[in-house]
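Colleague: Sequence first, predicted coordinates after that:
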Amino acid sequence: SKRIDSVSSFKVMDIFVRAKELEQEGRSIIHLSVGQPQTGAPSLVLHEASKAIFDNKIGYTDSLGIKPLREKISEHYRDVYCVEIPYSRIVITTGSSAAFLLAFLCFFDAGDKVAVASSSYPCYRNILNSLGCVVKTIPVNSRFKVTANELKEFIGKCSDLKGIVLSSPSNPTGSMLTKEEVSDLAKLCEQSGIWFISDEIYHGISYNGLKAETALKHSPSSIVINSFSKYYSMTGWRLGWIVVPENFVGAVNRLSQNLYINAPTLSQLAAVKAFDCLGELNEHVEKYEINRNLLLKGLGEIGFQKIAPSDGAFYIYIDASDMVHDTIHMTRDLLESGGVAVIPGNDFEDPKSGLGSKRFRISYCGSRVDVENGILRIKEWWVGYQGKVKKA
């Protein structure tokens, strides 16, 4: 179809595949590319999954998701954010990817203008483009954020904006909105008749005492998407959720029934126990923070100074424009010659901006050993790469 021409490949996965090919050829590759925690699902989740398989309970569920899991998520909002969200507003999805598709189908029509941050998760653009929406880009500020100030200025130029999709903590930048910034954004969207889709899949992963704020606390019309993939370390279980205003639950349910029937039953049954594993999960975050600090130190020693805040998530986003001409070529050479997989910025930046070839992202949710060895390899490779660039 013509629609497919508007969808770019997800370059993170392209690089992941190439790295796997090199490993199959006998090469040693350090993976600092994909945002996939190495830790795996929590122990209680694994035990509950084993029990469900043994009890042979793996059949269809309600398209909205099983009630015990929806109730657990409702309790999570009460306990962590001090906000009451009835379980009836929560829909369990096949990962956050399905939640984004359901949200975009439910709240936008073809031709609607939907904004994303200039540095953002590429699948926002790709899914919106595939649905015929018009993707608009709002430049991030000096802290790699889009706040109410940037949105208000943009609305002045684009009065018919229908929605905005933002993440905090952000992929790829790691920047985080403060409580006040989330509140101002949610209220501005509500006042302006703009759907605010808040991607909160990295909540729980933040550093230096910072805590992420949910948009649900500041506007009843905010749409929130979360996932069990990141903080809960359950990427392959393909499980997430979306919280929508009560009067849209029926529409999301009808879409889910027809597109997915239900999220994976085994994953749903097991994930009920995920909220009882916070001690184990917070230990993972402590390890991420050690990796983060090691990388920031190592990158600084190489000479990379233009780095996004990295307040949350498990990514470091680097502007290398004063050190290399093209990070797409640089990251390819780092993989092929240096044996380290990282992601060029063209997966995250507005294609028209030219910034994609100036930036790159490193993921640090693997082991400390991988991060330490990755830094050593990057330092060794960097010496040779500078020589290559000078000769070119």
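Modeller: Yep, that arrived.
Colleague: how close does Val12 sit to Arg377?
Modeller: Val12 sits 20 Å away from Arg377, going by Cβ to Cβ, to the nearest Å. Placement of C-beta: from N, CA and C, glycine included.
Colleague: tell me which strands and helices the worst-scoring helix or strand of the chain on mean pLDDT is in contact with?
Modeller: Least confident helix or strand of the chain, by mean pLDDT, DSSP states H and E, is helix 368-391 with a mean of 90. Secondary-structure packing of helix 368-391 (3 or more Cβ pairs under 8 Å, 6 or more residues apart in numbering; DSSP states H and E): strand 30-31, helix 278-302, helix 327-333, strand 340-341.
Colleague: so which of the ones you listed gets nearest Asp109?
Modeller: Minimum separation from Asp109 across the helices and strands packed on helix 368-391 (Cβ to Cβ) falls at helix 327-333, 34.6 Å.
Colleague: Tell me how far the closest one lies from the chain's centre.
Modeller: 23 Å (Cα atoms, centre = their mean, to the nearest Å).
Colleague: same deal with stretch 76-88?
Modeller: The answer for stretch 76-88 is 22 Å, by Cα atoms, centre = their mean.
Colleague: just stretch 379-392 next, same as before
Modeller: 32 Å.
Colleague: ditto for stretch 180-194
Modeller: Taking Cα atoms, centre = their mean, one finds the center of stretch 180-194 at 21 Å from the center of the full chain.
Colleague: quick one on the thing from earlier: between Val12 and Arg377, which one's more packed in?
Modeller: Per other Cβ atoms under 10 Å, whichever of Val12 and Arg377 has more neighbours is Val12, with 24 against 19.
Colleague: Show the pLDDT at Glu286.
Modeller: Per-residue confidence (pLDDT) for Glu286: 97.
Colleague: What about it, how many residues nearby?
Modeller: Neighbours of Glu286 (other Cβ under 10 Å): 9.
Colleague: For it, give its distance to Asp79.
Modeller: Distance, Glu286 to Asp79, using Cβ to Cβ: 21 Å.
Colleague: Equivalent analysis for Gly65, please.
Modeller: From Gly65 to Asp79 the distance is 19 Å (Cβ to Cβ).
Colleague: what's the answer for Gln24, then?
Modeller: 45 Å.
Colleague: Same drill for Gly65 and Asp79, tell me which one is more crowded.
Modeller: Of the pair Gly65 and Asp79, Gly65 is the one with more neighbours under other Cβ under 10 Å, namely 24 against 10.
Colleague: pretty sure that one belongs to a helix, no?
Modeller: No - assessed with DSSP: H, G, I helix; E, B strand; the rest coil, Gly65 is coil; it does not lie in a helix.
Colleague: Now name the helix or strand holding the closest residue to it other than its chain neighbours.
Modeller: Sequence neighbours aside, Ile92 is the residue nearest to Gly65 in space, at 2.6 Å (criterion: Cβ to Cβ, 6 or more residues apart in numbering). Assigned by DSSP states H and E, Ile92 falls within strand 90-93.
Colleague: Can you pull out the residues in contact with that strand?
Modeller: With contact meaning Cβ atoms under 8 Å, 6 or more residues apart in numbering, strand 90-93 is reached by 63-66, 69-70, 73-74, 99, 102, 239-244, 249, 252-253, 256, 260, 262-263, 268.
Colleague: Among these, which ones are in helices?
Modeller: Assigned to helices by DSSP state H, the following of the contacts of strand 90-93 qualify: 69-70, 73-74, 99, 102, 249, 252-253, 256, 268.
Colleague: Serialize the residues you listed to a markdown table and add fields for pLDDT and distance to Glu181.
Modeller: Listed next are the ones in helices among the contacts of strand 90-93 as a markdown table, based on pLDDT from 0 to 100; distance: Cβ to Cβ, whole Å:
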| residue | pLDDT | distance to Glu181 |
| --- | --- | --- |
| Leu69 | 98 | 30 |
| Arg70 | 98 | 29 |
| Ile73 | 98 | 24 |
| Ser74 | 98 | 25 |
| Ala99 | 98 | 23 |
| Leu102 | 98 | 26 |
| Val249 | 98 | 28 |
| Val252 | 98 | 27 |
| Asn253 | 98 | 32 |
| Ser256 | 98 | 31 |
| Gln268 | 98 | 33 |
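Colleague: Please pull up the helix or strand immediately following the longest strand along the chain.
Modeller: In the chain, assigned by DSSP state E, the strand with the most residues is strand 161-167. Remark: after strand 161-167, the chain's next helix or strand is helix 179-192, criterion DSSP H and E.
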